[in-house]
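In: dropping the sequence and predicted coords here.
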Amino acid sequence: MESSDKEGSTAPGPHGRQAVRDLLDAVRAEGRTVLTAPEGKVIADAYGIATPAEAVVETADEAVALADRIGFPVVLKIVSPDISHKSDAGGVLVDLADGAAVRAGFATVVANARAYDPEAGIAGVQVQRMLPPGQEVIVGAVTDPTFGKVVAFGLGGVLVEVLKDVTFRLAPASREDALSMLDGIGAAEVLRGVRGAPPVDREALAGQIVRVSRLVDDFPEIAEVDLNPVIATAEGAVVADVRIVLATEPAKQRRRYSREEILRTMRRLMKPRAVAVIGASAERGKIGNSVMRNLIDGGFAGDIHPVHPRADDIEGRKAYRSVLDISAEVDVAVFAIPAKFVPAALEEVGRKGVPNAVLIPSGFAETGEQELQERVVAIAERHGVRLLGPNIYGYYSTWQDLCATFCTPYDVKGGVALTSQSGGIGMAILGFARTTNTGVSAIVGLGNKSDLDEDDLLTYFGEDENTDCVAMHLEDLKDGRAFVEAARETVRRKPIVVLKAGRTALGARAAGSHTGALAGDDAVYDDILRQAGVVRAPGLADMLEYARALPVLPTPRGDNIVIITGAGGSGVLLSDAVVDNGLSLMTIPPDLDAAFRRFIPPFGAAGNPVDITGGEPPSTYEATIRLGLEDPRIHALVLGYWHTIVTPPMVFAELTARVVGEFRDRGIHKPVVASLAGDTEVEAAAAYLFERGVVAYPYTTEKPVAALGAKYQWARAAGLLPPKGANPSG
């Protein structure tokens, strides 16, 4: 009989764990990394993973007798610790319906295995009851270099690597995580039942996912698990084949800091009272001079201590031969010296007790000098100094009037914190912020991330009273789990936007299982970032626009979106954008439809979009916008403006901003976005609206709705929206 996973705990007892421990130790002792199918069965049984009736036999007579006992049809599989892929070796035969077929099949799989690898040891043949037809899926786990243990789910069988319809979550996964995975694949509808087929047993399938995730969490030495196929039916989910691969070496552990330790040093980094510039220079054009001038000209109110071995005075400030000569306490040491001199200077910084070192110079791991970078990190760890960089442009902390960089200054204070791994991207961020007059709380370069990285910054920005939104450009994460922990904590209070570079660079990696082959770098990043609650931006411009727009938009309180447009064509495109961003167009009830019709001409169209037509005066725009804001069943408005002389762009902008402002004064805060189509005058009108809390863009129907979609995505991740489909009032 098959074991069942429809009832009971997904966690094994102590005896089950000990059985797995003993088995893995024995496999290791034999110098193997790939478990045989019977060994996989032992682990499956220990964790309650449902498998069909099966056993291993050594002769054809035993195979026939066992098949008679468990029932036909059966499957035969070669058992060999030296043959990883049984099918490739011709070591699998299916649908054997009687004793004669089993007897002949036994001889065939053994002969095929010996022909495939004459040196392979053959432990026997596994006889397994063939499962009834059902939906083939794959459940697995893999060790990701960034996120550690992740569990995978998708369509299984022979097409698994062709369709690649797979989704990932961090292990251990909860029941809710597992159920979300069933809905997270493109073919989710198949699992719900199509063309008369019954839906699969979702709880049984989710149970298999949870059990696998707990297995790899309990035993970190398991590198990959492949349950493929799992046959899912209305009655349960049973695993036809179990494949388990062990790691060749233990994963390297990164040093972790407590939240309190991170905040203590980050506060002194972002709100310093005194900064030392190591390598300060009086010579214009030098990095050390640029940093000094930016600190002074930017109005930093704290102490600025230039450090130079021969100078007495730099930019009107007393210079010191060594940081050790500074009698006062120093919070940050900014390094502007060549890489080869950094270790000695860092030793002095450590002896001084400076908690933060900002390493601007390049010439470390990015140029192949990994050993030099590791030496610097070791010095810092020995002295308790946290490192920002190396190979960075520096950082800005605008609310402290701090510009510790050799790039152009920026002093427009606001609520957006921006970070980047790349100096070039950092300057693009700076240019965008200046062009759009975006207020920022900080701009931070991360470079090689030898120590401080995104999770440290998120921990700080999550509690920073001056930061309302965090936007991060990253090429990789040193510690994906630490990032997820920090992101989940921060997302509850403010949105995080991430631009992950390198989406297409790696593809599928070489692996010992289907799951491993499917776990391409970006596939895992995409799902885990979504699980963490961050908004992933498709490109640099999107990241910057989301960061600019999200603090402006009020949090929606429901899913009902209404489009009001002066142009039918814009209405169609805006509708497409709403659907593309996973949003919901409201089904207009008859009374609301009648209310809109009172304000639009007979040849206009109510419904959704509400098409008021292009020749309407400002009063029509105002009346319909008022109705959209007033009705509690509507939760967000998308406006499509068409430039006419009857209602010029700035007239539209002024009336819209005025009406939205009136309602916000009354305590009615709904997100409103606008697409402005017209001549160049719409640019100023869009900027006017943006400054007054309406996210508006000229010449595009996609951008405003994408920003609204990002706001909805964050609101759901933060738990600020009711479940999809709920329709609260107000």
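Out: Right, received. Where do you want to start?

In: rest of the way, CA atoms for contacts and neighbours
Out: OK.

In: and stretch 30-42, average pLDDT?
Out: What stretch 30-42 shows for mean pLDDT is 92.

In: for it, what is the distance to the chain centroid?
Out: Centroid separation for stretch 30-42 versus its chain: 34 Å, with CA atoms, centre = their mean, to the nearest Å.

In: ends of that stretch, how far apart?
Out: End-to-end distance of stretch 30-42 (CA to CA, to the nearest Å): 17 Å.

In: before we move on, what about stretch 128-148?
Out: Taking CA to CA, stretch 128-148 runs 33 Å from one end to the other.

In: over to stretch 458-472?
Out: Start and end residues of stretch 458-472 are separated by 10 Å (CA to CA).

In: same question, stretch 688-702
Out: Chord length of stretch 688-702, first to last residue, is 19 Å (CA to CA).

In: and that stretch, which residues are buried?
Out: Across stretch 688-702, burial judged by 16 or more other CA atoms under 10 Å covers 688-690, 692-698, 700-702.

In: do the same with stretch 484-495
Out: Going by neighbour count (16+ other CA under 10 Å), the buried part of stretch 484-495 is 484, 486-495.

In: residue ranges with poor pLDDT in the chain?
Out: For the chain, applying pLDDT under 70 flags the ranges 1-10, 157-163, 503-521, 722-730.

In: in it, spot the strand with the most residues.
Out: If you go by DSSP state E, the chain has its longest strand at strand 222-233.

In: neighbouring strands of that one in the sheet, and parallel or not?
Out: Take DSSP bridges as the rule and strand 222-233 pairs in its sheet with strand 135-144 (antiparallel), strand 236-239 (antiparallel), strand 242-246 (antiparallel).

In: nearest to Asp665, of the ones you listed?
Out: strand 135-144 (49.7 Å; CA to CA).

In: quick one: contacts of that closest one?
Out: Outside strand 135-144, the residues that touch it by CA atoms under 8 Å, 6 or more residues apart in numbering are 148-157, 160, 191, 200, 208-209, 212-213, 216, 223-233, 515-516, 519, 524.

In: now do the contacts for Glu662.
Out: By CA under 8 Å, 6+ apart, Glu662 lies in contact with nothing.

In: are we agreed that it is in a strand?
Out: No - looking at Glu662 with DSSP: H, G, I helix; E, B strand; the rest coil, it is helix, so not inside a strand.

In: can you list the buried residues of stretch 688-702 in a markdown table and add distance to Tyr396?
Out: Shown next, in a markdown table, are the buried residues of stretch 688-702 (distance: CA to CA, whole Å):
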| residue | distance to Tyr396 |
| --- | --- |
| Tyr688 | 28 |
| Leu689 | 28 |
| Phe690 | 25 |
| Arg692 | 26 |
| Gly693 | 26 |
| Val694 | 28 |
| Val695 | 26 |
| Ala696 | 28 |
| Tyr697 | 28 |
| Pro698 | 31 |
| Thr700 | 32 |
| Thr701 | 34 |
| Glu702 | 32 |
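
In: could you dump these into a markdown table and include secondary structure?
Out: Listed next are those as a markdown table, based on three-state DSSP:
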| residue | secondary structure |
| --- | --- |
| Tyr688 | helix |
| Leu689 | helix |
| Phe690 | helix |
| Arg692 | coil |
| Gly693 | coil |
| Val694 | coil |
| Val695 | strand |
| Ala696 | strand |
| Tyr697 | strand |
| Pro698 | strand |
| Thr700 | coil |
| Thr701 | coil |
| Glu702 | helix |
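
In: thinking again about what came up before, the strands paired with strand 222-233: which one's closest to Val385?
Out: Across the strands paired with strand 222-233, the minimum distance to Val385, taken as CA to CA, is reached by strand 135-144, at 29.3 Å.

In: give the next helix or strand downstream of that closest one.
Out: Moving toward the C-terminus from strand 135-144, the next helix or strand (DSSP states H and E) is strand 148-155.

In: what packs against that next one?
Out: On a contact count with 3 or more CA pairs under 8 Å, 6 or more residues apart in numbering; DSSP states H and E, strand 148-155 meets strand 135-144, strand 166-170, helix 175-183, helix 202-218.

In: how about a markdown table for the ones you listed, with mean neighbour count added?
Out: Output for the helices and strands packed on strand 148-155, formatted as a markdown table (neighbours: other CA atoms under 10 Å):
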| stretch | mean neighbour count |
| --- | --- |
| strand 135-144 | 25 |
| strand 166-170 | 27 |
| helix 175-183 | 18 |
| helix 202-218 | 24 |
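
In: could you dump these into JSON lines and include distance to Gly566?
Out: Shown next, in JSON lines, are those (distance: least, CA to CA, whole Å):
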{"stretch": "strand 135-144", "distance to Gly566": "48"}
{"stretch": "strand 166-170", "distance to Gly566": "41"}
{"stretch": "helix 175-183", "distance to Gly566": "37"}
{"stretch": "helix 202-218", "distance to Gly566": "46"}
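
In: out of those, which gets nearest to Asn581?
Out: For Asn581, the closest of these is helix 175-183, at 17.0 Å, according to CA to CA.

In: just give me how far the closest one sits from the chain centre.
Out: Relative to its chain's centre, helix 175-183 lies at 17 Å (CA atoms, centre = their mean).

In: quick one: buried residues of whichever helix or strand comes after it?
Out: Later in the chain than helix 175-183, the nearest helix or strand by DSSP H and E is helix 188-191. Neighbour counts over helix 188-191 (16+ other CA under 10 Å) mark 190-191 as buried.

In: kindly format the C-alpha coordinates of helix 188-191 as CSV.
Out: Output of helix 188-191 as CSV, limited to C-alpha atoms (Å, rounded to 0.1, in the frame of the first residue of the first chain):
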residue,chain,number,x,y,z
ALA,A,188,-1.8,26.6,-12.1
GLU,A,189,-5.2,26.2,-13.8
VAL,A,190,-4.3,22.6,-14.7
LEU,A,191,-4.1,21.7,-11.0
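
In: how far out from the middle of the chain is it?
Out: A distance of 24 Å separates the centroid of the chain from that of helix 188-191, by CA atoms, centre = their mean.

In: same deal with stretch 334-350?
Out: The answer for stretch 334-350 is 35 Å, by CA atoms, centre = their mean.

In: hmm, back to that, figure out which of the helices and strands packed on strand 148-155 is closest to Ala276.
Out: Closest approach to Ala276 among these (CA to CA): strand 135-144, 39.9 Å.

In: wait, Val694 sits on Val673?
Out: Yes - here Val694 reaches Val673: they are 5.5 Å apart, a contact under CA atoms under 8 Å.

In: am I right that His85 falls within a helix?
Out: No - under three-state DSSP, His85 sits outside any helix and is assigned coil.

In: Gln128 versus that one, what's the distance?
Out: Taking CA to CA, one finds His85 at 17 Å from Gln128.

In: okay if I get the strands paired with strand 222-233 as CSV plus distance to Glu630?
Out: Shown next, in CSV, are those (distance: least, CA to CA, whole Å):
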stretch, distance to Glu630
strand 135-144, 48
strand 236-239, 50
strand 242-246, 58
